[in-house]
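# Kindly generate the corresponding structure for this input.
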Amino acid sequence: MARPARRRWVPLVLGIAVLASTALGVTVALDPGAAAEAQNGVAAVVSGKPVPAAVTVTPASGTALAPSDPITVQAAGGVLRAVHVTNTATGKAVEGRMGPDGHSWTSTGDLAYAGTYRVGVDSAGDDGTPAHQDDTVTTVAPAAQAYPSLIPAPSTAAASVGVGQPIVVRFDHPVHDRAATEKHLHVTSSPDQAGSWYWISDSEVHYRPKVYWKPGSTLTVNTDLYGVDLGKGVYGATDRTETVHVHDAWVAKADGGAEQMQIFDNGKLVKTMKISLGSPGFPSHTGPHVISDKQPTITMDSCTYGVCQGQPGYYNEKVDLDERISNDGEFVHSAPWSVGQQGNSNVSHGCVNLAPADAQWFFDHFGIGDVVEITNSGGPPLPVYDTYGDWELDWAKWQEGSAL
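Numbering: from 1, shown residues only. Model (predicted):
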């Protein structure tokens, strides 16, 4: 019977341990392949071959970065000594933050669209071996940039608005990914009030609470859209922040059946006025209207809504103390010519006609965001898209307009 092959034993001595193992007569058993690998590793250590850190720049060259995302640098098997990032077009340096262990670096602040950045990295391996590495990072070039206009405008918001004022973001380019856009739109309120967005179109989205804002509320609007892909190559042009103050709850209830309007301040009836709403041929829209503009005098031209010179019902005249409540030509205003009909019949072209003294009082007390609720006019509901028809929808229907 053949004798089994004997295992070969190879003595292995490692570094300083050579002396100890020799003195003790200790040997380590390895098969021939493992012994060869060990001997090669020992040779590399003993030879003192320099080992630099492995440096990775993200994103890799050829991958365009959204300018709101950071450039990152990582070091394995060593540490970063210095990272310099420069916009090649402007020469401007990009600030960044080094990680506490020296293994990472992250740019801070936004980059530019369609930019090219030179990244220079100095590092040291675990054995102290120095190295330098140069990389290039590019950022996306949008097909278009959508600028978010905020309504109410900053000057109006600072002066305070009424409880009916929705928050409106209006883009100068259509956005095609509503969900991605909406994730970057934020409204906080003090005191806290639940709210939701509703898309009027691809260029306009509104935010409102379930019921009118609480008097005295402070609203903070943030649109962190810079660098965000809004769909089909359109990116957010900038971030914006706005603070909106809400004043007392001024609500006017205009009843076309009674031909009178009751005025409430924080729920308390403070005044009643005779009115004339739209005639049967031009009935006023029903439902809550929100004042969007006020002017001491304007020229009203019926041709702006399709009734032009030579047609029945045409008018073009100067009118005083005007507060716009829709984009369909509806205002609350002074109407000395219809004082005889105010309180007994509806004869206007859709506006709320008031006697001059009542119009002056209304103009002095009501402003942007205050509410005019119209009932019993014989007209259709104010469309949700007609300036601020937002309150025409119940809460469940309003929430359906969100993309999230």
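# Give me the contact list for stretch 182-189.
167, 169, 195, 197, 205, 207, 209, 213, 217-225, 228, 236, 402-404 (C-beta atoms under 8 Å, 6 or more residues apart in numbering). Every residue, glycine included, has its C-beta placed from N, CA and C.
# Which among the residues you listed count as buried?
167, 169, 195, 197, 205, 207, 209, 213, 217, 219, 221, 223-225, 228, 236 (16 or more other C-beta atoms under 10 Å).
# So which of those residues sit within strands?
167, 169, 195, 197, 205, 207, 209, 219, 221, 223-224, 236 (DSSP state E).
# would a markdown table of those with distance to residue 148 and pLDDT be doable?
Below are these laid out as a markdown table (distance: C-beta to C-beta, whole Å; pLDDT from 0 to 100):
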| residue | distance to residue 148 | pLDDT |
| --- | --- | --- |
| 167 | 11 | 98 |
| 169 | 5 | 98 |
| 195 | 18 | 98 |
| 197 | 13 | 98 |
| 205 | 9 | 98 |
| 207 | 13 | 98 |
| 209 | 21 | 98 |
| 219 | 16 | 97 |
| 221 | 10 | 98 |
| 223 | 5 | 98 |
| 224 | 10 | 97 |
| 236 | 7 | 98 |
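# Just flag the most distant two among these.
Within those, 209 and 236 form the most distant pair, 25.1 Å apart (C-beta to C-beta).
# Residue 141: neighbouring residues, count only.
Other residues near residue 141 come to 11 when the count uses other C-beta atoms under 10 Å.
# let me fix that: residue 279
17.
# Over to residue 188?
Residue neighbour count, defined by other C-beta under 10 Å, stands at 12 for residue 188.
# now do residue 318
8.
# Quick one: the helices in the chain, in order.
Remark: helices assigned in the chain by DSSP state H are 17-24, 32-47, 154-159, 178-182, 356-365, 395-399.
# mean pLDDT lowest for which of the ones you listed?
Least confident of these, judged by mean pLDDT, is helix 17-24 with a mean of 34.
# Residue 204 and residue 187, how far apart?
For residue 204, the distance to residue 187 equals 15 Å [C-beta to C-beta, to the nearest Å].
# okay, those two: which has more neighbours?
residue 187 (20 against 17).
# And the strands in the stretch 301-404 of the chain, which stretches?
With strands called from DSSP state E, counting those that start in this stretch, the stretch 301-404 of the chain shows them at 316-324, 331-334, 352-354, 371-375.
# Which one of the buried ones among the contacts of stretch 182-189 is nearest to residue 119?
Of those, the one sitting nearest to residue 119 (C-beta to C-beta) turns out to be residue 228, at 23.7 Å.
# Would you mind measuring from that closest one to residue 186?
Residue 228 sits at a distance of 13 Å from residue 186 (criterion: C-beta to C-beta).
# and what of residue 280?
Residue 280 is 46 Å from residue 186, by C-beta to C-beta.
# And those two? Which one has more around it.
Neighbours per residue (other C-beta under 10 Å) separate residue 280 from residue 186, with residue 186 holding more: 13 against 10.
# Can you name the residues bridging to that one?
With DSSP bridges as the criterion, residue 186 is bridged to residue 222.
# Residue 146 is in contact with residue 223, correct?
No: here residue 223 does not reach residue 146: they are 10.4 Å apart, not a contact under C-beta atoms under 8 Å.
# which neighbours do these two share?
residue 236.
# Measure how buried residue 299 is and give me the count.
Residue 299, neighbours per other C-beta under 10 Å, totals 9.
# check contacts around the spatially closest residue to it that is not a sequence neighbour.
Once flanking residues are discounted, residue 299 sits nearest to residue 318: 5.4 Å by C-beta to C-beta, 6 or more residues apart in numbering. Taking C-beta under 8 Å, 6+ apart, we find residue 318 in contact with 297-300.
# Need those in CSV (columns: pLDDT and distance to residue 127).
Converted to CSV, those look like this (pLDDT from 0 to 100; distance: C-beta to C-beta, whole Å):
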residue, pLDDT, distance to residue 127
297, 97, 83
298, 95, 80
299, 92, 84
300, 88, 84
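# For residue 274, state which of these is nearest.
residue 300 (20.9 Å).
# Quick check: the closest one touching residue 324?
No: here residue 300 does not reach residue 324: they are 10.8 Å apart, not a contact under C-beta under 8 Å.
# Of those two, give the one with the bigger neighbour count.
residue 324 (23 against 16).
# Measure how buried the closest residue to that one other than its chain neighbours is and give me the count.
Once flanking residues are discounted, residue 324 sits nearest to residue 293: 4.3 Å by C-beta to C-beta, 6+ apart. Residue 293: 15 surrounding residues under other C-beta under 10 Å.
# same thing with the one 3 residues further on?
Neighbour count of residue 296, defined by other C-beta under 10 Å: 8.
# ditto for residue 55
Neighbours of residue 55 using other C-beta under 10 Å come to 22.
# wait, isn't it in contact with residue 122?
No: counting by C-beta under 8 Å, residue 55 does not reach residue 122; the two are 9.4 Å apart.
# if I look at the two, which residues touch both of them?
Joint contacts of residue 55 and residue 122 (C-beta under 8 Å, 6+ apart) are 80, 131.
# related to what we said a few turns ago, which of the contacts of residue 318 fall within strands?
297-300.
# Quick one: closest of the strands of the stretch 301-404 of the chain to residue 136.
Between those, strand 316-324 lies closest to residue 136; by C-beta to C-beta that is 53.9 Å.
# Paired strands for that closest one, with orientation please.
strand 293-301 (antiparallel), strand 331-334 (antiparallel).
# quick check: angle from the first one to helix 356-365?
Strand 293-301 runs at 140 degrees relative to helix 356-365, counting by axes from the mean of the first three to the mean of the last three C-alpha atoms, to 10 degrees.
# hmm, back to that, need the winner for burial among the strands of the stretch 301-404 of the chain.
strand 352-354 (a mean of 28; mean count of other C-beta atoms under 10 Å).
# just checking, what packs against that one?
strand 331-334 (3 or more C-beta pairs under 8 Å, 6 or more residues apart in numbering; DSSP states H and E).
# And for the strand it packs on, what's in contact with it?
Counting by C-beta under 8 Å, 6+ apart, 252, 291, 300, 319-325, 351-356, 359-360, 362, 366, 372 sit against strand 331-334.
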